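Colleague: this is a predicted model, with the sequence first.
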Amino acid sequence: MKNEQVIKAAYEMAVDRYAAVGVDANKALEDLQKISLSLHCWQADDVSGFEVAEGELSGGIQATGNHPGKARNIEELRQDILKAASYIPGSHRLSLHAIYGDFEGKFVDRDKIEPRHFESWMQWAKENGMKLDFNSTSFSHPKSGSLTLANPDDEIRNFWIEHTKRSRAIAEEMGKYQGSPCIMNLWVHDGSKDQTVNRLLYRQLLKNSLDEIFATKYENMKDCIEAKLFGIGLESYTVGSYDFYLGYGAKNNKIVTLDTGHFHLTESVADKISSLLLYTPEIMLHVSRPIRWDSDHVTTMNDDTLDLAKEIIRSNALDRVNIGLDYFDASINRIGAYVVGSRATQKCFLQALLEPTAQLREYEANNQLFERLALLEEAKSLPWNAVWDMFCLKNNVPVGEDYIGEIQKYEAEVTSKR
């Protein structure tokens, strides 16, 4: 770890500098400590899961790259997640997909999964101070095809309805066990590669499926519905579009999931925050970094993520926004991918917490637009990094780039031998 005296001295100077623009850096640290990310289990094993009848990735899901050392079983996955978490300041959650059950080497089809298949995950999470979130899994299955919950075939559609019902029941048991609501995200890849003349039919089927799935009310889980612009092999039409799920969420009081990779590259996901806060109970975020398409690159501290964090803080909406990560890069060290993306997301929220919002709003209210723009620009070079270093020090995780060597050591001693 770097020199603690230097870190503390830099922090004290940063506190004074921020105080000069009306910002309490100590309060920002306290608020950042309360932000929990939901780490995504599928970064550690390239979205493989632990089903006995493991199939190829489908439904527009692709994990590109062949970096050695991916997790091959539950034990390795849990080991890697804990290792990654040890380099991420704060306390965080873990998001599981339904294909990550503890099936004990037995074939369990998706419409037969039960809470008992995730009991060991609940126990493990409790032992390691984590809370769990959950996701139904409609891709990579013989019955996936291009349509699941929107499939006109009753047998196939009912199969996926049953799977999703069971996923909600599992999420309910997770929430009950951990004493914290389990966020259950529903995303299906349904769509068409080429033109369709049945847009309304498929959306009516999806709506009907959702109505049936959500008919059972639970107290210990929260439902999220996730849209997408398009998927690979499903480029022309997506049944569960943003408009579809926004309408369904607003009408039925459901949480809408905003995946930062699921929109047109020129769209501002940050701009959607204030609208959803008016019409939906909460928001779920899946933070990733799209390049050209939904390529799920590791999140970095870029303008898109910064704008997203700032809009949430400006809206005073931390208590209504759930922050999850959703990327899977198989071309680099997977533990490193976890750490880089998580810390980058936290850095964005820290900068948002350190923004001199009160002064900026005063300028705006007084129509002092030059002054507003000037302060926005000057705020970019305020010493937020000194506050970040102190946050890492307080949480006893590597400061700065020190984690690089630690992850290299873990790769040399553990993952490279798999």
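Modeller: Looks like it came in fine.

Colleague: mean confidence score for stretch 281-297?
Modeller: Stretch 281-297 carries an average pLDDT of 91.

Colleague: name the residues of it that are buried.
Modeller: Across stretch 281-297, burial judged by 16 or more other C-beta atoms under 10 Å covers 282-290, 294-297. For glycine as for every other residue, the C-beta is placed from the backbone atoms N, C-alpha and C.

Colleague: check stretch 111-131 too.
Modeller: 113, 115, 117-118, 121-122, 124-125, 130-131.

Colleague: pLDDT of it, averaged?
Modeller: 98.

Colleague: quick one: end-to-end distance for it.
Modeller: By C-alpha to C-alpha, to the nearest Å, the extent of stretch 111-131 from end to end equals 25 Å.

Colleague: how far off centre is stretch 380-392?
Modeller: 24 Å (C-alpha atoms, centre = their mean, to the nearest Å).

Colleague: again with stretch 168-181
Modeller: Stretch 168-181 sits 18 Å away from the centroid of its parent chain (C-alpha atoms, centre = their mean).

Colleague: CA atoms only: put it into CSV for me.
Modeller: Extracted C-alpha coordinates of stretch 168-181, given in CSV (Å, rounded to 0.1, in the frame of the first residue of the first chain):
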residue,chain,number,x,y,z
ARG,A,168,-39.2,-15.4,-8.8
ALA,A,169,-39.9,-18.0,-6.1
ILE,A,170,-36.2,-18.5,-5.7
ALA,A,171,-35.6,-14.8,-5.5
GLU,A,172,-38.3,-14.6,-2.8
GLU,A,173,-36.5,-17.3,-0.7
MET,A,174,-33.2,-15.5,-1.2
GLY,A,175,-34.7,-12.2,0.0
LYS,A,176,-36.3,-13.9,3.0
TYR,A,177,-33.1,-15.7,4.0
GLN,A,178,-30.8,-12.6,3.7
GLY,A,179,-33.3,-10.1,5.2
SER,A,180,-32.9,-7.9,2.2
PRO,A,181,-35.1,-7.8,-0.9
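
Colleague: buried residues in that stretch?
Modeller: 168-178, 181.

Colleague: for those, which one is nearest Leu276?
Modeller: Pro181 (18.6 Å; C-beta to C-beta).

Colleague: now do the same end-to-end measure for stretch 100-112.
Modeller: Start-to-end, stretch 100-112 (C-alpha to C-alpha) is 14 Å.

Colleague: so that it lines up with my notes, have the first residue be 30 from now on.
Modeller: Understood, numbering begins at 30; the last thing we discussed is stretch 129-141.

Colleague: contacts for that stretch?
Modeller: For stretch 129-141, contacts defined as C-beta atoms under 8 Å, 6 or more residues apart in numbering pick out 70-71, 78-82, 103, 106, 127-128, 142, 146-150, 166, 170, 188-189, 191-192, 195.

Colleague: hmm, try it at 6 Å
Modeller: If you take C-beta atoms under 6 Å, 6 or more residues apart in numbering as the criterion, stretch 129-141 is touched by 70, 78-79, 81-82, 103, 142, 146-147, 149, 188, 191-192.

Colleague: how about that stretch: buried residues?
Modeller: Here stretch 129-141 shows 129-130, 132, 139 as buried, counting by 16+ other C-beta under 10 Å.

Colleague: between those, which is closest to Glu59?
Modeller: Tyr129 (33.6 Å).

Colleague: that closest one and Val298, how far apart?
Modeller: For Tyr129, the distance to Val298 equals 27 Å [C-beta to C-beta, to the nearest Å].

Colleague: could you do Thr166 as well?
Modeller: Taken as C-beta to C-beta, the span from Thr166 to Val298 is 24 Å.

Colleague: equivalent analysis for Ser304, please.
Modeller: 11 Å.

Colleague: next step: the buried residues of stretch 310-326 restricted to strands.
Modeller: Applying DSSP state E to the buried residues of stretch 310-326, the entries found in strands are 312-316, 318-319, 323-326.

Colleague: and those as a markdown table, adding distance to Gly290?
Modeller: Converted to a markdown table, those look like this (distance: C-beta to C-beta, whole Å):
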| residue | distance to Gly290 |
| --- | --- |
| Ile312 | 16 |
| Met313 | 14 |
| Leu314 | 11 |
| His315 | 8 |
| Val316 | 9 |
| Arg318 | 7 |
| Pro319 | 4 |
| Asp323 | 4 |
| Ser324 | 7 |
| Asp325 | 6 |
| His326 | 8 |
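
Colleague: what are the contacting residues of stretch 406-419?
Modeller: 36, 39-40, 43, 46, 54, 376, 379-380, 383-384, 428.

Colleague: recalculate using a threshold of 10 Å.
Modeller: Here stretch 406-419 makes contact (C-beta atoms under 10 Å, 6 or more residues apart in numbering) with 31, 33, 35-47, 49-50, 52, 54-55, 57-58, 61, 118, 335, 372, 375-376, 379-386, 388-389, 428-429.

Colleague: paired strands for the lowest-mean-pLDDT helix or strand in the chain, with orientation please.
Modeller: Of all helical and strand segments in the chain, the minimum by mean pLDDT, DSSP states H and E falls on strand 322-326, at a mean of 82. Strand pairing for strand 322-326, determined by DSSP bridges: strand 318-320 (antiparallel).

Colleague: what does the strand it pairs with contact?
Modeller: 258, 288-294, 324-329, 331, 333-334, 356, 358, 370, 373.

Colleague: again, only using 7 Å
Modeller: For strand 318-320, the surrounding residues in contact (C-beta atoms under 7 Å, 6 or more residues apart in numbering) are 289-290, 294, 326-329, 331, 356.

Colleague: sitting in helices, which of the contacts of stretch 129-141 do you find?
Modeller: When those are checked against helices (DSSP state H), the matches are 103, 149, 188, 191-192.

Colleague: which among those end up buried?
Modeller: Among the ones in helices among the contacts of stretch 129-141, those buried by neighbour count (16+ other C-beta under 10 Å) are 103, 188, 191-192.

Colleague: so who does Phe147 touch?
Modeller: 130-131, 199, 203.

Colleague: let's go with 10 Å and repeat that
Modeller: Contacts of Phe147 by C-beta under 10 Å, 6+ apart are 125, 127, 129-131, 153-154, 161, 163, 199-200, 202-203, 206.

Colleague: which single one of these is nearest to Asn281?
Modeller: Using C-beta to C-beta, the contacts of Phe147 come closest to Asn281 at Ala200, 17.2 Å.

Colleague: okay but the closest one is in contact with Phe163, surely?
Modeller: Yes: in this structure, Ala200 is within contact of Phe163 by C-beta atoms under 10 Å, at 4.3 Å.

Colleague: tell me, what's touching these two both at once?
Modeller: 125, 127, 147, 211-214, 250.
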